[in-house]
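Participant: have a look at this fold, sequence not included:
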Ligand code: ZN
């Protein structure tokens, strides 16, 4: 398997194998097939959510890519190709992670010459080339109007942050059942009509209806192949939600989904994560399908069995712990398809649903996507990165021996236990932390995992081989938070993304408060992290966990703001430059994404599926062009 057959800009494309697909029954394979089709049909929704010009720009770029009859080996065409590949990767014209608009490295004249004069497409040129127009998909700078300065397409361009916040504060105040609030605003674009704010709901017959109808058709085709009755109910309820846009039905669907744990095949399809909205309300569309990796699931199940023990022994104040931790279901899975906001760049651990009260009363499902981690590991082996940034031979040996395994375990702890732990004090609005909510939530889950990595319970349960292994995770985490994650930020920029802010926050807070345990030191290669007291580090993570949980439980916005702004945002320009320089010399791509396998269904004369073939030979541009050709809806 060639894991590095496509490389451009800051991206390396990987392929993932769907191990054991052949071991599924034809009925299961057919279920996977229809759900996978449903996961591909939502692609255009995400493109439009990411920016109102994205779909038109994609059509223009793809036409030029396919039809350009000039010199295809010229610098301009090559730079144009890289630009298109980046746009494909980001599902839009802004960087998928840093959120800033791409600056094309080809002249505007090149593209202008491909547009018939007088065509509507001319108005796309400034959107692509003028750095002042739509500069950022998501702006989180404190003090700015976050809606007016963000290009994501969740609010009409003239709606201010204050207007939107007031609109949703009113909705919340009128909630018929304040203990079970729906996820207000999750599935609509906020627009202005005749001077009034109004929600343009994403549903069949509404906004994005054309894409949603195709999704519904594939979900309906999947129902007869479901593994059990509950799974059928899950799919039916999801269809009801897509038809009506009624958020109470969405909650009903997620409750059914959380309780369906018998089937081997599972999926997510819909409006899910809110990282793309500066106000954290609107959910981007994503879809993926998976089936259980039975052997690897054993580890996650062990954690799930001891969920209450972990909750009871956590260092947070008793008032903020859950008396009864429920339904932490954890599986290791193989992904069969990635779609929407999970494609081509994907999470490797996923915990859903996101509704606080549904999680509290019905639990959540957690997965680690084993075949993606495996592909990452293959690609990362022996690329020189660790040798460059790890401080000494002893630590390097420790990392080489335990880092991969520890990372998986930490992901399990984060997803299976971390997000599900703790509770809000009665009456606290789950959105009180506003723009800081996502970062604080990720920090909480990471700290829970870090704290327990060093617990002797891990060795006792057979999850770690010895009492030293966790040190690989501690060292790797601090090295990433203090140094190496900076490679993912362009010079002169700040940290924006919630997971990155969280890692910086934890690592720098620890560096500032526990100088006896961790220091930054100049060694021959450059700056490196030195850990001098691993025991003390565990104390640090426990202390910070207690504080972060307090902030979340009490809804202490001011403390959240202070913590994130002090430790999670700014970048030391000198250190940043040094890390980027050392990283450049290694010539590695900081971001990776995945090319999906391709499924082909063979049907008999009656139209029934008789076999499903899976292939891995499609190239990146072939796949993107095929998706644009076969799954365009908007
Ligand atoms: Zn998380």
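Facilitator: Right, received. Where do you want to start? No experiment lies behind these values; they were computed from the predicted model shown.
Participant: contacts, neighbours, all on C-alpha from now
Facilitator: OK.
Participant: centroid-nearest residue for this protein?
Facilitator: residue 347 (4.7 Å; Cα atoms, centre = their mean).
Participant: from residue 373, how far out is it?
Facilitator: Applying Cα to Cα, to the nearest Å, one obtains 10 Å for the distance of residue 347 from residue 373.
Participant: and residue 335, that one's in a helix?
Facilitator: No. Going by DSSP: H, G, I helix; E, B strand; the rest coil, the assignment for residue 335 is strand, not a helix.
Participant: so it sits against residue 287, correct?
Facilitator: No. Residue 335 is not in contact with residue 287 according to Cα atoms under 8 Å; the separation is 10.8 Å.
Participant: ranges for the strands of the protein?
Facilitator: Using DSSP state E, the strands of the chain run over residues 6-8, 11-15, 188-193, 196-201, 265-273, 284-292, 328-340, 349-352, 364-369, 518-522, 527-531, 591-595, 598-603, 609-615.
Participant: residue 99: which of those is closest?
Facilitator: strand 591-595 (13.6 Å; Cα to Cα).
Participant: so where's this structure shaky on pLDDT?
Facilitator: Across the chain, the ranges flagged by pLDDT under 70 are 1-5, 326-329, 381.
Participant: what's the closest non-adjacent residue to residue 475?
Facilitator: Spatially, and ignoring its direct neighbours in sequence, residue 475 is nearest to residue 531 (7.1 Å; Cα to Cα, 6 or more residues apart in numbering).
Participant: can you check residue 83 too?
Facilitator: residue 104 is the one closest to residue 83 (Cα to Cα, 6+ apart), at 6.1 Å.
Participant: need the contact list for the one you found.
Facilitator: Residues near residue 104 by Cα atoms under 8 Å, 6 or more residues apart in numbering: 79-80, 83, 128-129.
Participant: inside helices: which ones of those residues?
Facilitator: Among the contacts of residue 104, the residues falling in helices (DSSP state H) are 79-80, 83, 128-129.
Participant: of these, select the buried ones using a PyMOL command.
Facilitator: Those of the ones in helices among the contacts of residue 104 that count as buried under 16 or more other Cα atoms under 10 Å are selected in PyMOL with:
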select buried, resi 79+80+83+128+129
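Participant: among the ones in helices among the contacts of residue 104, which one sits closest to residue 589?
Facilitator: Nearest to residue 589 out of these is residue 83 (Cα to Cα; 15.9 Å).
Participant: relative to residue 6, how far out is that closest one?
Facilitator: Counting by Cα to Cα, the gap between residue 83 and residue 6 amounts to 14 Å.
Participant: next one: residue 250
Facilitator: Distance from residue 250 to residue 6, counting by Cα to Cα: 39 Å.
Participant: ok, these two, which is more surrounded?
Facilitator: The neighbour count for residue 250 versus residue 6, taken as other Cα atoms under 10 Å, is higher for residue 250 (23 against 15).
Participant: tell me, how many neighbours does the nearest residue to residue 388 once chain neighbours are set aside end up with?
Facilitator: Of all residues not flanking residue 388 in the chain, residue 525 sits nearest, at 6.9 Å (Cα to Cα, 6+ apart). Residue 525: 12 surrounding residues under other Cα under 10 Å.
Participant: same question, residue 111
Facilitator: With other Cα under 10 Å as criterion, residue 111 counts 17.
Participant: follow-up on the earlier one: need the contacts of residue 104 in TSV (columns: distance to residue 598).
Facilitator: Converted to TSV, those look like this (distance: Cα to Cα, whole Å):
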residue	distance to residue 598
79	28
80	27
83	25
128	32
129	35
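Participant: residue 307 touches residue 325, doesn't it?
Facilitator: Yes. Counting by Cα under 8 Å, residue 307 touches residue 325, with 6.6 Å between them.
Participant: re the thing from before, now the residue nearest to the centre of the chain, what are its backbone angles?
Facilitator: Main-chain torsions, residue 347, degrees, to the nearest 10: phi -70, psi 160.
Participant: wait, residue 615 touches residue 596, no?
Facilitator: No. Residue 615 is not in contact with residue 596 according to Cα under 8 Å; the separation is 9.3 Å.
Participant: what's near enough to touch residue 476?
Facilitator: 399, 403.
Participant: before we move on, the earlier item: how much space separates the residue nearest to residue 83 from residue 46?
Facilitator: 22 Å.
Participant: go on, residue 131?
Facilitator: Distance of residue 131 to residue 46, computed by Cα to Cα: 23 Å.
Participant: what do you get for residue 624?
Facilitator: On the measure of Cα to Cα, residue 624 and residue 46 end up 14 Å apart.
Participant: the more surrounded of residue 131 and residue 46?
Facilitator: Applying other Cα under 10 Å to residue 131 and residue 46 shows that residue 46 carries more neighbours, namely 23 against 14.
Participant: ok, that one touching residue 339?
Facilitator: No. Residue 46 is beyond contact range of residue 339, at 9.5 Å (criterion: Cα under 8 Å).
Participant: what sits in contact with each of these two?
Facilitator: residue 286.
Participant: pull the number of nearby residues for residue 179.
Facilitator: Neighbour count of residue 179, defined by other Cα under 10 Å: 10.
Participant: now it: how far from residue 201?
Facilitator: Going from residue 179 to residue 201 by Cα to Cα gives 24 Å.
Participant: with residue 393 instead?
Facilitator: As defined by Cα to Cα, residue 393 lies at a distance of 57 Å from residue 201.
Participant: between the two, which has more neighbouring residues?
Facilitator: residue 201 (20 against 10).
Participant: now do the same contact list for the closest residue to that one other than its chain neighbours.
Facilitator: Nearest in space to residue 201, with sequence neighbours left out and distances taken as Cα to Cα, 6+ apart, is residue 188 at 4.2 Å. Listed by Cα under 8 Å, 6+ apart, the contact set of residue 188 reads 154, 199-202, 282.
Participant: make a PyMOL selection of the buried ones in these.
Facilitator: To isolate the buried ones among those in PyMOL, judged by 16+ other Cα under 10 Å, type:
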select buried, resi 154+200+201+202+282
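Participant: between the contacts of residue 188, which is nearest residue 521?
Facilitator: residue 282 (42.7 Å).
Participant: isn't the closest one right up against residue 199?
Facilitator: No. With contact defined as Cα under 8 Å, residue 282 does not reach residue 199; the gap is 11.3 Å.
Participant: give me the common contacts of those two.
Facilitator: Shared contacts of residue 282 and residue 199, defined by Cα under 8 Å, 6+ apart, comprise 185, 188-189.
Participant: what number of residues lie near the closest residue to residue 358 other than its chain neighbours?
Facilitator: Excluding the flanking residues, the one nearest residue 358 by Cα to Cα, 6+ apart is residue 255, at 6.8 Å. Residue 255: 19 surrounding residues under other Cα under 10 Å.
Participant: doesn't residue 360 make contact with residue 255?
Facilitator: No. Using Cα under 8 Å, residue 255 makes no contact with residue 360, being 11.1 Å away.
Participant: what's across from residue 338 in the sheet?
Facilitator: Beta-bridge pairing for residue 338 (DSSP bridges): residue 288.
Participant: identify the residues contacting it.
Facilitator: Applying Cα under 8 Å, 6+ apart, the residues near residue 338 are 39-40, 287-289, 344, 346, 596.
Participant: I'd like those residues as CSV, with neighbour count and distance to residue 470 appended.
Facilitator: Output for the contacts of residue 338, formatted as CSV (neighbours: other Cα atoms under 10 Å; distance: Cα to Cα, whole Å):
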residue, neighbour count, distance to residue 470
39, 27, 37
40, 26, 39
287, 26, 34
288, 26, 31
289, 25, 32
344, 22, 31
346, 18, 26
596, 25, 33
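Participant: closest one to residue 488 out of those residues, please.
Facilitator: Taking Cα to Cα as the measure, residue 488 lies nearest residue 346 of those, at 15.6 Å.
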